[in-house]
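Novice: Mind looking at a prediction? Sequence and model below.
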Amino acid sequence: METITLEKLAENFQAKIDADIKIEPNDWMPENYRKTLIRQISQHAHSEIVGMLPEGNWITRAPSLRRKAVLLAKVQDEAGHGLYLYSATETLGVSREDTIDDLHEGKVKYSSIFNYPTLTWADMGAVGWLVDGAAIMNQVALCRTSYGPYARAMVKICKEESFHQRQGYEIMTNLMKGTALQKEMAQDALNRFWWPALMMFGPSDAESKHTEQSMRWRVKRYTNDELRQAFVDATVPQAELIGLTVPDPKLKWNEERGHYDFGDIDWDEFWQVVGGNGPCNKERIEARVKAKEDGAWVREAALAFAEKRKMRENQ
Amino acid sequence: MNMKSNEWPLWEVFIRSKQGLNHKHVGSLRAPDAEMALQNARDVYTRRSEGISIWVVQSSMIVASDPTEADALFEPADSKVYRHPTFYDLPDGIEHM
């Protein structure tokens, strides 16, 4: 039998990537590619699940039955998206439970945006419009990522998420047609969520330690700064159309570049929140740990019941 | 398998989107038994009327071909171009055959 060297395998792997041939679970892949994907997909899964918390906070207080049904459907979608992504992570050979425990033990992260509180109903508008808007920008790019199960999950998620952004923008639009107080509430939500939404794309390209390798492996198809710029360009006119002011005095259309110029992001705040010191980090993880612990007996009972029934059938 | 003893087994989910089409693999999920797997598949994979029928199969029951042997397995078909209609010459004037 012919022995294939590790270099040859790596070379074949990169050739497949360069030819845009998707990598599937049982294919050979470099150990670091596997690790990078486990980190990225599980973080993505955790973001979907933790992301249910700030919005779940408003389900019982939605201002109408229509808004309540919509919010419920959105939060349910996020649960589904978390599940697609946990399945995708498992195809890389890690156990789902270990992945979840890593989150609870602070070994892996989730999107820093969910560490901000949702204080008013307008925040549901801002979250849908800006947070889902930023997530979609990122996820549309990931539909072409090189790992098959991740790309397929992304296609499904993008299809389902298009309503998430629209319902948020609709909330903002309606508030901006309302009373002075409602307009103020919408503007306040934008003021609080604008900069954290820009931070969702991650550190600048110069600072991002994973970007270069991830681009070479086509795990990422665009850099953080490219996606952030695309988001600003798409979102600013949407704010202007309904009379909202983006809280950035340096924001200005640059005719020459064909893009908006925008102010500096407060990276100290970003690293503080990523590092666990955001307004809600502790609360979010506590809620997840409690959900796992409180639900343990249900999972054990369901498994015991299934085993008992199997035994009876075999008798 | 990386399954822990207290973890629910993994199931593969197949959905028939409408009458007349095959069931198609859509993803996987964890569930304690077949009945719960079907119910969970309904909630996870058909929230927007994607299906009219669901199959679930425990992932450990699936036997898959080895990707490193794909060349040896599928190459024999590549060399048999005469299995395709385009291999054959037809005289001018014959348009549909």
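Specialist: Great, that's in hand.

Novice: Is B:Val56 part of a helix or strand, or is it coil?
Specialist: Secondary structure of B:Val56, reduced to three states by DSSP: H, G, I helix; E, B strand; the rest coil: strand.

Novice: I'd guessed it sits against B:Ala37; true?
Specialist: Yes: here B:Val56 reaches B:Ala37: they are 4.2 Å apart, a contact under Cβ atoms under 8 Å. In short, each C-beta sits where N, CA and C put it, glycine included.

Novice: Which residues are in contact with each of the two?
Specialist: In terms of Cβ atoms under 8 Å, 6 or more residues apart in numbering or on different chains, B:Val56 and B:Ala37 are both contacted by the residues B:11, B:13, B:31.

Novice: Could you dump the residues you listed into a markdown table and include secondary structure, distance to B:Arg47 and pLDDT?
Specialist: Below are those laid out as a markdown table (DSSP: H, G, I helix; E, B strand; the rest coil; distance: Cβ to Cβ, whole Å; pLDDT from 0 to 100):
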| residue | secondary structure | distance to B:Arg47 | pLDDT |
| --- | --- | --- | --- |
| B:Trp11 | strand | 18 | 97 |
| B:Val13 | strand | 13 | 98 |
| B:Ala31 | coil | 17 | 96 |
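
Novice: Give me the more crowded residue out of B:Val56 and B:Ala37.
Specialist: Here B:Val56 and B:Ala37 are compared on neighbour count by other Cβ atoms under 10 Å in any protein chain shown; more neighbours surround B:Ala37, at 25 against 21.

Novice: Report the contact partners of the nearest residue to the more buried one once chain neighbours are set aside.
Specialist: Counting by Cβ to Cβ, 6 or more residues apart in numbering or on different chains, B:Ala37 lies nearest to B:Ala31, which is 3.7 Å off, once chain neighbours are set aside. For B:Ala31, the contacting residues are B:8-9, B:11, B:37, B:39-40, B:56, by Cβ under 8 Å, 6+ apart.

Novice: Please repeat the previous calculation with a cut-off of 7 Å.
Specialist: Contact analysis of B:Ala31 by Cβ atoms under 7 Å, 6 or more residues apart in numbering or on different chains lists B:8, B:11, B:37, B:40.

Novice: which one of those residues sits closest to A:Ala134?
Specialist: Within these, proximity to A:Ala134 (Cβ to Cβ) peaks at B:Asn40, which comes in at 29.7 Å.

Novice: Look at the residue nearest to the spatial centre of chain B and tell me its secondary structure.
Specialist: With distances taken as Cα atoms, centre = their mean, the residue of chain B nearest its centroid is B:His25 (4.5 Å). Here B:His25 is strand, with the state taken from three-state DSSP.

Novice: which residue sits closest to A:Leu175 in space, ignoring its chain neighbours?
Specialist: Leaving aside its sequence neighbours, A:Leu175 is closest to A:Ala186 (4.0 Å, by Cβ to Cβ, 6+ apart).

Novice: does the one you found sit in a helix or strand, and which one?
Specialist: In this structure, A:Ala186 sits in helix A:180-199 according to DSSP states H and E.

Novice: Which residues does the lowest-mean-pLDDT helix or strand in chain B contact?
Specialist: Ranked by mean pLDDT, DSSP states H and E, the weakest helix or strand in chain B is helix B:70-78, scoring a mean of 90. Counting by Cβ under 7 Å, 6+ apart, helix B:70-78 makes contact with B:Ser65, all of which sit outside it.

Novice: OK, contacts around A:Arg221?
Specialist: When contacts are taken as Cβ under 7 Å, 6+ apart, A:Arg221 is in contact with A:141, A:144-145.

Novice: Number of residues surrounding residue 69?
Specialist: Defaulting to chain A. 12.

Novice: Please refer instead to chain B.
Specialist: Using other Cβ under 10 Å, the number of residues around B:Glu69 comes to 9.

Novice: now A:Leu142, nearest residue through space, not along the chain?
Specialist: In space, and not counting its chain neighbours, A:Leu142 is closest to A:Met154: 4.5 Å by Cβ to Cβ, 6+ apart.

Novice: Just the element for that neighbour, please.
Specialist: Mapping A:Met154 onto the secondary structure by DSSP H and E places it in helix A:148-176.

Novice: and that helix, what other elements does it pack with?
Specialist: The helices and strands touching helix A:148-176, judged by 3 or more Cβ pairs under 7 Å, 6 or more residues apart in numbering or on different chains; DSSP states H and E, are helix A:65-90, helix A:122-126, helix A:132-142, helix A:180-199.

Novice: Most tightly packed of these?
Specialist: Each of the helices and strands packed on helix A:148-176 was scored by mean neighbour count; the highest is helix A:122-126, a mean of 26, by mean count of other Cβ atoms under 10 Å in any protein chain shown.

Novice: Fine by me, we can end here.
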